[in-house]
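*Asks:* predicted coordinates and the sequence they were generated for:
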Amino acid sequence: KDRSTALFLFGFLLACYLLTFTGQIDSSDGLSMFATSESFVRHGSFDSNQLLWMGNQQGNIGVGGDLYSRKGLGMVLLALPLIWLAKVWGAIGLVHAALLLNPLLTAWTGALLFRAARRLGWSRPVSIATALIFGLATMAWPYTQGYFSDPICGWGLFAAAYGLLAYAQSGRKLYLFGAGLAWGVAYLTRSINLLTLPLYLLGLFWVLDIVAGSAKFAWRKRLAAAFWRNWRPVVSFLIPVVVAGLLSLWWNWARFGSIFDTGYVATESFNGDWLAGLAGLTVGPARGFLWYNPLLLLALPGAVLFWRRHRRILIFSLLLTALYFVVYAKWYMWHGGYSWGPRFLVPAIPFVSLVAGAGWDWLAVQRRWGIAGAIAAGLLAVLSVGVQWLGLA
């Protein structure tokens, strides 16, 4: 029954995203990644020579004198089946087919949020509301229109976390392999996600510690029980992670002749004003996270519920979200350029939405703060959907 509901949510969210589908790539980032996938489908190479007129705005001259994108390999690979299908089926445009990628994976992320909420023991209506909070009341919806890689990172990181949760409850190593695979996609899509790997290793330890039932032992014995005696689950998670790392090094070498050369120029670095970036990403009037996702304020009361019942999940979600804020606040273009809201924070939205779902249950369903709290939650929901429609328009 939960799987059927998750499938329905996937279809409903996808229908909403196709309703606002534009069919246009409106960013140089998107053009760069699409050109790379298109080149492979058309003539078997990964250059982006279609964009030579752009100079080094999104690429650099690499091996053989060709222009290569500076973007990661993840989104390029994921788009290949869609673009190949469009090439075979002439009724579909190649660009239109590629632009289906973000709607598909964002709808999938919403379905995963429902499944995660059900695994946490939440009621079906609250779990559905959590998926809809993410899918319709946050920046996730406007970013289904474009061809940025941020929604792909959000799907990969949250799917990896869901895999850890599912393994903790089922003990099936296939979930760990899927978690490693999803994290690998997020890393290949944007290499900065390598910084999240220690968090996922911490999550893996927590999960294995629960399965092994070694909480009564000292830390050294708990680490040994988690990572040494249970080496098969660890290997299941690490195989796709290691493969993703090797693919990333090959991608650098294939484009620019060095495994350490990503193609980014010296001016693109973490040399911004950290405090200004942090203020701008949180409450700044142009890119403040709260202005573009008002309903996620429910994560504040939701965090109280999580602290009481799911403390480790709350800590994991807060650490990952804080990591994104802190790292991108230092990036020279912390605001994300010409985009809707704080684009770089889109991958953290599923995690904040899960915590906000608990806040929705607290205020709107259980009415812990009375009718006033329920009305406030409803008004925040209406306001948040309205904000997203501004972005869609």
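*Replies:* Sure, I can see it. Numbering: from 1, shown residues only.

*Asks:* contacting residues around the spatially most central residue of the chain?
*Replies:* Closest to where the C-alpha atoms of the chain average out (CA atoms, centre = their mean) is residue 154, at 0.5 Å. By CB atoms under 8 Å, 6 or more residues apart in numbering, the residues touching residue 154 are 106, 109, 140, 346, 347, 348, 349, 350. (Glycine included, C-beta is placed from N, CA and C.)

*Asks:* look up the closest residue to it, ignoring the ones flanking it.
*Replies:* For residue 154, ignoring the flanking residues on the chain, the nearest one in space by CB to CB, 6 or more residues apart in numbering is residue 347 at 4.0 Å.

*Asks:* still on that earlier bit, pull the most distant pair out of the contacts of residue 154.
*Replies:* 106 and 348 (14.1 Å; CB to CB).

*Asks:* the two: which is more packed in?
*Replies:* Comparing residue 106 with residue 348 by other CB atoms under 10 Å, the one with more neighbours is residue 106, at 27 against 24.

*Asks:* packing partners for the host helix or strand of that one?
*Replies:* Assigned by DSSP states H and E, residue 106 falls within helix 101-119. Here helix 101-119 touches helix 2-19, helix 74-88, helix 124-137, helix 150-170, helix 349-360, going by 3 or more CB pairs under 8 Å, 6 or more residues apart in numbering; DSSP states H and E.

*Asks:* at 10 Å instead, please
*Replies:* Contacts defined by 3 or more CB pairs under 10 Å, 6 or more residues apart in numbering; DSSP states H and E place helix 101-119 against helix 2-19, helix 28-43, helix 74-88, helix 124-137, helix 150-170, helix 349-360.

*Asks:* starting at the chain centroid, how far to it?
*Replies:* 11 Å (CA atoms, centre = their mean, to the nearest Å).

*Asks:* for that helix, C-alpha coordinates in CSV please.
*Replies:* Extracted as CSV, the C-alpha positions of helix 101-119 are listed here (Å, rounded to 0.1, in the frame of the first residue of the first chain):
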residue,chain,number,x,y,z
LEU,A,101,15.5,14.7,-16.1
ASN,A,102,14.9,17.2,-13.3
PRO,A,103,11.1,16.7,-13.2
LEU,A,104,11.6,12.9,-13.0
LEU,A,105,14.1,12.9,-10.2
THR,A,106,12.4,15.7,-8.2
ALA,A,107,9.2,13.7,-8.3
TRP,A,108,11.2,10.6,-7.3
THR,A,109,12.6,12.6,-4.3
GLY,A,110,9.1,13.5,-3.2
ALA,A,111,8.1,9.8,-3.3
LEU,A,112,11.2,8.9,-1.3
LEU,A,113,10.2,11.5,1.3
PHE,A,114,6.9,9.8,1.7
ARG,A,115,8.6,6.4,2.1
ALA,A,116,11.1,7.8,4.7
ALA,A,117,8.3,9.3,6.7
ARG,A,118,6.4,6.0,6.7
ARG,A,119,9.5,4.2,7.9
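
*Asks:* tell me the angle of that helix relative to helix 150-170?
*Replies:* 30 degrees (axes from the mean of the first three to the mean of the last three CA atoms, to 10 degrees).

*Asks:* select the longest helix from this structure.
*Replies:* Counting residues, the longest helix in the chain under DSSP state H turns out to be helix 231-256.

*Asks:* tell me how far that helix is from the chain's mean position?
*Replies:* So, by CA atoms, centre = their mean, the centroid of helix 231-256 is 19 Å from its chain's centroid.

*Asks:* over to stretch 173-191?
*Replies:* 11 Å.

*Asks:* flag every buried residue along that stretch.
*Replies:* 173, 175-191 (16 or more other CB atoms under 10 Å).

*Asks:* swap in stretch 253-260?
*Replies:* Quick answer for stretch 253-260 (16+ other CB under 10 Å): 255, 256.

*Asks:* check stretch 89-98 too.
*Replies:* So for stretch 89-98, counting by 16+ other CB under 10 Å, buried means 94, 95, 97, 98.

*Asks:* and the residues you listed as TSV, adding pLDDT and distance to residue 375?
*Replies:* Output for the buried residues of stretch 89-98, formatted as TSV (pLDDT from 0 to 100; distance: CB to CB, whole Å):
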residue	pLDDT	distance to residue 375
94	95	48
95	96	44
97	96	44
98	97	43
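
*Asks:* re the thing from before, pull up the per-residue confidence for the residue nearest to the centre of the chain.
*Replies:* For residue 154, the model assigns a pLDDT of 97.

*Asks:* how about residue 206?
*Replies:* Value for residue 206, per-residue pLDDT: 87.

*Asks:* touching, it and residue 313? I think so.
*Replies:* Yes - Residue 206 lies in contact with residue 313 (CB atoms under 10 Å); the separation is 9.2 Å.

*Asks:* more neighbours: these two, which one.
*Replies:* Higher neighbour count among residue 206 and residue 313: residue 313, with 20 against 17, using other CB under 10 Å.

*Asks:* flag the shaky bits of the protein, pLDDT-wise.
*Replies:* 211-228 (pLDDT under 70).
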